[in-house]
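Undergrad: requesting a structural model of the entry that follows:
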Amino acid sequence: MKRRLTVIAILFTLTLSLVLPLVLSGCAPRDEILKVYNWSEYIGEDVIEEFEQYYHEITGKNITVKYDLFDENELMYSQIKTTQADYDVICPSDYMVEKMIKENLLLKLEANLNDLGFGEIEDYRNDISPLLMSGNTQDGYYFDYDYDSQSGEYNLYSRAYTMGTLGILYANDATAYKNSKYGTYSSMQEYVESNGWAVLWDEAFNQRIMMKNSVRDTYAIGAIYTLLNEYSSEFLPNITPSMALNATDPTNVAKIEKQLIAQKKLLKGYENDEGKEVIITGDIDMTLQWAGDAVYSMGDLQEELSRERDMSYFVPYEGSNLFCDAWCIPKYSRNTLAANLWINFMCKGEIAIENMDYIGYTSGVVSQEVFDYIVENWASEEETEYFIDLSYFFGADCGFDTTLYVAEEDYNAFEAQFPTLEIVQRCAVMKDYGDQTRAMNRMWRNVKA
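TA: Next up, the predicted model:
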C-alpha cells in the first residue's frame, strides 16, 4: 500500500490544494463548490483532483472540492442537525445513516443519473458488495444490513464506501501476559486468542492499553466483554453479539457501565486516532482498533515513523462489530448535483482501488478489477493452507473466481483487511440507540467522568 500522510500533513495539504484556490478566486458561486465532510486519512491522495476532472468531463463545468474532516460520527451529526451545515456529501457509519434517515436529515440519491441533464452517465452505484446492501440476505447468510431502509424500500439514501471490523491490535513482543491471572501461555498470540476481549481488562497490562474515545465503539466492546466473555461476572452465554452490543435496557447498561469504569483505571487513555502510533512507539501493548488502521499500523505507518514493532490483529471469538461507512447527501446540501456525481465516482472500481490502496480499509465496491487488485497484492504463487473464498463478499453470482491462496506471513494483515466469512458471521451491526440515545450518552459521561 502507498504511504499515507500524517494528520498534520493532510491538513496542510488540503489547506493549500483545496482552500487556497477558493481564496485566490474570490467567492466562487456555490454550484461550483462541492463541500465534502469525511473522516481523517480516509481518501486516496489524487482522488479529489480526479473527481474534479470527472465532473468537468460529465458536465463541461468546473468544480472545486472543499474537504473538511471529522473524527466522530456524533460530531458530524451535530454539525448537520444543530448548525444545519450545508455540506453536500458526508460519510457516516451505518448506525448513523439509520439515525439520520429516521430524523429526516438525509436526501434521497438521484434514482437515475441520466436525469441530471448531461446525457448518459455510466452508473457504478450498484457495484457494491451484497453483504453491505440493505435488505440483502445473500443466499441465506444471516446478515441483513438494513441501515438504509425505510417503509420497505432499501438503498435510497446511501452507498457503502468502506467496511471493517473492530478488533485488538497487539504487540507480539509484549511480556506482561506472563503475569496474567487468566493462566500460563507460551506467547502473546496464544494469550490474546485464548482470552478474547478479557485481555483489555487484565491488570497485568495496567497502563498498557488504550480504548476508543467513542461511546459507540468502546461501549460495544464493553458490552460484548461484559455479557459474552466467561471471565466477566455478568456472563450471559445465551445471547448473541448483536443483542449484546446493541443492549440499551437499563439493567444491562448498568452492568456494562460498571465494567467500563473498572477498566478505566487500567487504561493509558482513550484515543481517536493516535493509538495506532502509540503502540508502535512502545508506550502501550494493546489497543482497541479498527481493522483498516490496524493494517496501516502493521505496515506503512512503521515506515513513516522509522520504527518497527511486530504486531498482530485479532477479532475475538465472542464476537465484535462489523461496520460500514457510507456516502450520503445531507439535508442542507446546496449542490446535490455534484454530490450525486461524487457518490457515483467513488463507486468506480479504479477509484475504489486507489482509496483502498491508500487508507487500508476494505472497499465496499465489488468488481473484477477490485478482485484483481486483491490478487496482485495478496495472492501467493504457491498453494498454501490459507485458502480464501471471498464469494460471500463479491456475490456468489459475480461471474468470476473469487478464491485465492495467501502466504502464511501475510495472512494476519490480509484477514484484517478482508475478514473471512467465519469472522463476519461472529460479528454484529450497530443499531441506532433511538429514544435511548440520551440515556446512553449519560452512561458514557459517567464512564469518562
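Undergrad: burial measure for the closest residue to Leu228 other than its chain neighbours, as a count.
TA: Nearest residue to Leu228 in three dimensions, chain neighbours excluded: Glu318, at 4.1 Å (CB to CB, 6 or more residues apart in numbering). (Glycine included, C-beta is placed from N, CA and C.) The local packing of Glu318 (other CB atoms under 10 Å) involves 20 other residues.
Undergrad: A strand includes Ser312, no?
TA: Yes: Ser312 forms part of a strand when assessed by DSSP: H, G, I helix; E, B strand; the rest coil.
Undergrad: spatially nearest residue to it (excluding sequence neighbours)?
TA: Asn412 (5.2 Å).
Undergrad: hang on, the one you found in a helix?
TA: Yes: per three-state DSSP, Asn412 lies within a helix segment.
Undergrad: okay, buried residues for stretch 71-80 please.
TA: Glu72, Asn73, Glu74, Met76, Tyr77, Gln79, Ile80 (16 or more other CB atoms under 10 Å).
Undergrad: how about stretch 427-446?
TA: For stretch 427-446, the neighbour count (16+ other CB under 10 Å) marks Cys427, Ala428, Val429, Met430, Lys431, Asp432, Tyr433, Gln436, Met440, Met443, Trp444 as buried.
Undergrad: quick check, the last one in contact with Val215.
TA: Yep, that's Trp444 we're talking about. Yes: the criterion here is CB atoms under 8 Å, and Trp444 meets it with Val215 at 4.0 Å.
Undergrad: out of the buried residues of stretch 427-446, which are inside helices?
TA: Of the positions in the buried residues of stretch 427-446, Met440, Met443, Trp444 sit in helices, assigned by DSSP state H.
Undergrad: isn't the first one right next to Gly222, touching?
TA: No: with the criterion set as CB under 8 Å, Met440 and Gly222 do not qualify as a contacting pair; they are 11.7 Å apart.
Undergrad: could you measure the residue nearest to Ser312 against Asp357, distance?
TA: Distance of Asn412 to Asp357, given as CB to CB, to the nearest Å: 19 Å.
Undergrad: pretty sure Ser232 belongs to a helix, no?
TA: No: the assignment for Ser232, made by three-state DSSP, is coil rather than a helix.
Undergrad: for it, grab phi and psi.
TA: Reported as degrees, to the nearest 10, the phi and psi values for Ser232 are phi -80, psi 140.
Undergrad: which residues does the closest residue in space to it that isn't next to it in sequence contact?
TA: Among residues not flanking Ser232 along the chain, Thr226 sits closest, at 5.1 Å (CB to CB, 6+ apart). Listed by CB atoms under 8 Å, 6 or more residues apart in numbering, the contact set of Thr226 reads Ser232, Glu234, Ala244, Asn252, Lys255, Ile256, Gln259.
Undergrad: now, which of these sits nearest Gly119?
TA: Of all those, Ala244 has the smallest distance to Gly119: 50.6 Å, by CB to CB.
Undergrad: which SS class is that closest one?
TA: Ala244 ends up helix, using three-state DSSP.
Undergrad: contacts only, for it.
TA: Ala223, Ile224, Thr226, Leu227, Leu228, Leu236, Gly319, Ala428.
Undergrad: how near is it to Lys35?
TA: 38 Å.
Undergrad: and Thr83, by the same measure?
TA: Applying CB to CB to Thr83 and Lys35 gives a distance of 13 Å.
Undergrad: Glu122 too?
TA: When Glu122 is compared with Lys35 (using CB to CB), they lie 25 Å apart.
Undergrad: quick one: the helices in the stretch 201-350 of the chain?
TA: In the stretch 201-350 of the chain, the helices defined using DSSP state H, counting those that start in this stretch lie at 215-228, 241-245, 250-264, 275-281, 291-298, 300-305, 336-346, 349-359.
Undergrad: can you point me to the longest strand in the protein?
TA: Among the segments of the chain that qualify as a strand by DSSP state E, the longest is strand 158-171.
Undergrad: now it, how far from the chain's geometric center?
TA: Taking CA atoms, centre = their mean, to the nearest Å, one finds the center of strand 158-171 at 4 Å from the center of the full chain.
Undergrad: what angle separates the helix or strand just after it from strand 158-171?
TA: The first helix or strand that comes after strand 158-171 along the chain, using DSSP states H and E, is helix 188-195. Per axes from the mean of the first three to the mean of the last three CA atoms, to 10 degrees, the angle that helix 188-195 makes with strand 158-171 is 120 degrees.
Undergrad: the strand or helix carrying Val447 - what's its average pLDDT?
TA: Using DSSP H and E, Val447 maps to helix 437-448. In this model, helix 437-448 carries a mean pLDDT of 96.
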